[in-house]
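Q: Model the structure of this input:
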Amino acid sequence: MRLNHCACGAVEGGVNKPLSLVLLVIGAILLFYGFRAGDSVGSDVSRAVTGTPTDKSIWLLVGGAIAGVAGLFGLLRGSGGAK
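A: Numbering: from 1, shown residues only. Below is the predicted model of the structure:
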């Protein structure tokens with residue numbers, strides 16, 4: 001029995017683009033909340049006392065940047081590949 005290679009490739013390629021788009025959206029949301037957390041009163045107090053913003057805002061920004069870059073890389077890599 002022969003397997004249809006075209007169908008397998010369609011399933012593989014069909015998963016990467018939505019996953020990359022989800023990562024990009026999650027990254028944008030995390031960055032948004034990270035910037036909002038950085039402007040909060042708690043972060044202002046932390047910045048005044050320690051000189052750095054809160055850990056929560058830093059982790060939101062770092063996580064958002066990583067997810068956004070991974071999602072963007074996945075979208076750009078998936079669109080230009082030769083088949």
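
Q: ok, the residue nearest in space to the middle of the chain - contacts?
A: Residue closest to the average C-alpha location in the chain (C-alpha atoms, centre = their mean): Ala67, at 2.0 Å. For Ala67, the contact set (C-beta atoms under 8 Å, 6 or more residues apart in numbering) comprises 23-24, 26-27, 30. Placement of C-beta: from N, CA and C, glycine included.

Q: Which parts of this structure are strands?
A: Read by DSSP state E, the chain holds no strands at all.

Q: residues in contact with the residue nearest to the residue nearest to the centre of the chain when sequence neighbours are not counted?
A: Of all residues not flanking Ala67 in the chain, Gly27 sits nearest, at 3.5 Å (C-beta to C-beta, 6 or more residues apart in numbering). Counting by C-beta under 8 Å, 6+ apart, Gly27 makes contact with 63-71.

Q: before we move on, back to that, give me the buried subset of the contacts of Ala67.
A: The neighbour-count criterion (16 or more other C-beta atoms under 10 Å) marks 23-24, 26-27, 30 among the contacts of Ala67 as buried.

Q: Just send those residues back as CSV, with pLDDT and distance to Gly42 too.
A: Formatted as CSV, the buried ones among the contacts of Ala67 follow (pLDDT from 0 to 100; distance: C-beta to C-beta, whole Å):
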residue, pLDDT, distance to Gly42
Leu23, 96, 28
Leu24, 96, 28
Ile26, 97, 23
Gly27, 97, 23
Leu30, 96, 18
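
Q: Now tabulate these in JSON lines and tack on distance to Lys56.
A: JSON lines is the format used below for the buried ones among the contacts of Ala67 (distance: C-beta to C-beta, whole Å):
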{"residue": "Leu23", "distance to Lys56": "21"}
{"residue": "Leu24", "distance to Lys56": "22"}
{"residue": "Ile26", "distance to Lys56": "17"}
{"residue": "Gly27", "distance to Lys56": "17"}
{"residue": "Leu30", "distance to Lys56": "11"}
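
Q: Leu76: which of the residues you listed is nearest?
A: When those are compared for distance to Leu76 (C-beta to C-beta), Leu24 comes out closest, at 10.5 Å.
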